[in-house]
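**Student:** fold the stuff below for me.
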Amino acid sequence: DTSSTRETTMAIQASTTAIITSTSTSTTALTTTSNSLGGKGNNNSFKKTLIISLSTAIPGVLIISIVIGVLVKKRAARGVLDDVVHRLTNIKKRKKNFVEL
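**Tutor:** Numbering: from 1, shown residues only. This next block holds a predicted model:
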């Protein structure tokens, strides 16, 4: 067999490398490796999963806590207003009863 193999390495992105292997019989294979988070194997997939879960969970928790805070403030404001209105109503009733006597 007189086939020759040529291997070319090129950078696709800063953290991804592609290796193109071709032979004289026109067979081409493309192999890509990515080490953007460092390390290889299960540790790398764990880091990716951790980063993805944290990047989605943290904003979600912040949004939920802001919504809860706004609802609590609204309820507290309503409670204060209800107390003021209730007290004013009681004062008016007392004055009315006092005048009628």
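**Student:** Lys48: neighbouring residues, count only.
**Tutor:** The tally of other residues near Lys48 (other Cβ atoms under 10 Å) stands at 13. All C-beta atoms are positioned from the backbone trio N, CA, C, and that covers glycine.
**Student:** against Ala57, how distant is Thr49?
**Tutor:** Distance, Thr49 to Ala57, by Cβ to Cβ, to the nearest Å: 12 Å.
**Student:** next one: Asn44
**Tutor:** Separation of Asn44 from Ala57 (Cβ to Cβ): 20 Å.
**Student:** go on, Arg75?
**Tutor:** Arg75 is 27 Å from Ala57, where distance means Cβ to Cβ.
**Student:** likewise His86?
**Tutor:** Distance from His86 to Ala57, by Cβ to Cβ: 43 Å.
**Student:** can you list the weak-confidence ranges in the protein?
**Tutor:** For the chain, the stretches with pLDDT under 70 are 1-43, 94-101.
**Student:** which of Asn44 and Ala57 has more neighbours?
**Tutor:** Using other Cβ under 10 Å as the criterion, Asn44 and Ala57 rank with Asn44 on top: 15 against 10.
**Student:** my read is that one is in a strand, agree?
**Tutor:** No: going by DSSP: H, G, I helix; E, B strand; the rest coil, the assignment for Asn44 is helix, not a strand.
**Student:** quick one: contacts for Ser53?
**Tutor:** For Ser53, no contacting residues are found, by Cβ atoms under 8 Å, 6 or more residues apart in numbering.
**Student:** and it, how close does it get to Leu71?
**Tutor:** Counting by Cβ to Cβ - Ser53 and Leu71 are separated by 27 Å.
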